[in-house]
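A.B. asks: My questions are about this predicted structure, shown below with the sequence.
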Amino acid sequence: MMRYQFDNKKDIDIKETDDGLVLKTPSFNPTHIFECGQCFNFIVEEDGSYTAVFLGKIINVLQRDEDVLIKNISIDEFYEIFYDYFDLRTDYDLIKNELSSNETLKLASEYGYGIRILNQELFETVISFIISANNGITRIKNSIRIISERYGDYIGEYRGNKYYSFPRPEVLADVDPIELREYARVGFRDVRIVEASKMIRDGFLDYESDQLLETADLKEKLMELPGVGPKVSDCILLFTYHRRETFPVDVWIKRVMETLFIGHEVPKKQVDDYAREIFGDLAGYAQQYLFYYGREEKIGK
């Protein structure tokens, strides 16, 4: 991936102003980033900005005509935490240019030009995507919010809303599944959430050593967690372990691939195989562009 990465952080055009931090980059749009199904711990403000929580920090991001206004964090916090979170080390213009050799992907990447794949915290991502199985985004967001409010640590208030961190594994591991089902409305996922939390609390996953595993081996390991199947494991690989060659296949992306590329209905596994064959190491980026484009345009519905 080095050929798609900037040499250093100073290649990013960002400066401090009285209003907040001002970021200028053609490949950054908060709506595209937060509405492409990769994360759930955010709210949309009345002015169209997005407020999200990451590593105990509350950040507000607003798309303007020629730049992005970032509030509630300092320039040091931006470089320390959010530079990597928003994957700003990666040159998405180069990636989109390479993917655009395919006319369909050219259209999809232009439609979602501001998508960036977030580099997310491991435990929250695992639990979030366990909750996502056979679930809608609004319900997933509500469950994540309630779990954070009941079991996480209070961070602070911003624009009249109180924010909490996502709970630690040792906290969620001790929660009664019935309580999760009743309050967080997670349904059949209640026991899976608690059992997965126990395994992670007990050291089943170790981010640094797991990164040494081949992607296929790490995927097999992730699927030993309760509630983690092929699609959820691919989401964890893509959004936490930076395995950008992964291509999560859900209902939407299956329809999009069948409509725009394959031409007929096939099993999910064949969709994944086809995507890896034609998109290669950039399959994860292609998936995000196609998912956002397909869902917003209701392709294949």
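C.D. replies: Right, received. Where do you want to start?
A.B. asks: which intervals of the stretch 201-301 of the chain have sub-threshold pLDDT?
C.D. replies: The stretch 201-301 of the chain contains residues with pLDDT under 70 at 301.
A.B. asks: run the last query once more with 80
C.D. replies: For the stretch 201-301 of the chain, the stretches with pLDDT under 80 are 300-301.
A.B. asks: how's this structure carved up into domains?
C.D. replies: For the chain, the TED database gives the domain ranges 14-89, 122-228.
A.B. asks: Can I get those domains in a markdown table including mean neighbour count and distance to residue 288?
C.D. replies: C-betas here are computed from N, CA, C, even on glycine. Formatted as a markdown table, the domains of the chain follow (neighbours: other CB atoms under 10 Å; distance: least, CB to CB, whole Å):
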| stretch | mean neighbour count | distance to residue 288 |
| --- | --- | --- |
| domain 14-89 | 17 | 5 |
| domain 122-228 | 17 | 15 |
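A.B. asks: Make TSV out of these and add distance to residue 263.
C.D. replies: Shown next, in TSV, are the domains of the chain (distance: least, CB to CB, whole Å):
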stretch	distance to residue 263
domain 14-89	24
domain 122-228	27
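A.B. asks: now for those, which one comes closest to residue 261?
C.D. replies: Each of the domains of the chain has some distance to residue 261 by CB to CB; the shortest is domain 14-89, at 18.8 Å.
A.B. asks: and the closest one, how far out from the chain's middle?
C.D. replies: 14 Å (CA atoms, centre = their mean, to the nearest Å).
A.B. asks: and the longest strand for the chain?
C.D. replies: Longest among the strand segments of the chain by residue count, using DSSP state E, is strand 57-63.
A.B. asks: Would you map the strands across the protein?
C.D. replies: Using DSSP E, strands in the chain cover 13-16, 21-24, 42-44, 50-54, 57-63, 68-71, 154-158, 161-164.
A.B. asks: which helices and strands sit right next to the last one?
C.D. replies: Same thing as strand 161-164. strand 50-54, helix 137-151, strand 154-158 (3 or more CB pairs under 8 Å, 6 or more residues apart in numbering; DSSP states H and E).
A.B. asks: tell me the contacts of residue 164?
C.D. replies: Going by CB atoms under 8 Å, 6 or more residues apart in numbering, residue 164 touches 53, 148, 149, 152, 153, 154, 155.
A.B. asks: Just confirm the fifth one contacts residue 166, I think it does.
C.D. replies: This points to residue 153. No. With contact defined as CB atoms under 8 Å, residue 153 does not reach residue 166; the gap is 9.3 Å.
A.B. asks: Including distance to residue 44 and pLDDT, could the contacts of residue 164 go into a markdown table?
C.D. replies: Shown next, in a markdown table, are these (distance: CB to CB, whole Å; pLDDT from 0 to 100):
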| residue | distance to residue 44 | pLDDT |
| --- | --- | --- |
| 53 | 14 | 96 |
| 148 | 17 | 97 |
| 149 | 18 | 97 |
| 152 | 21 | 97 |
| 153 | 24 | 97 |
| 154 | 22 | 98 |
| 155 | 19 | 97 |
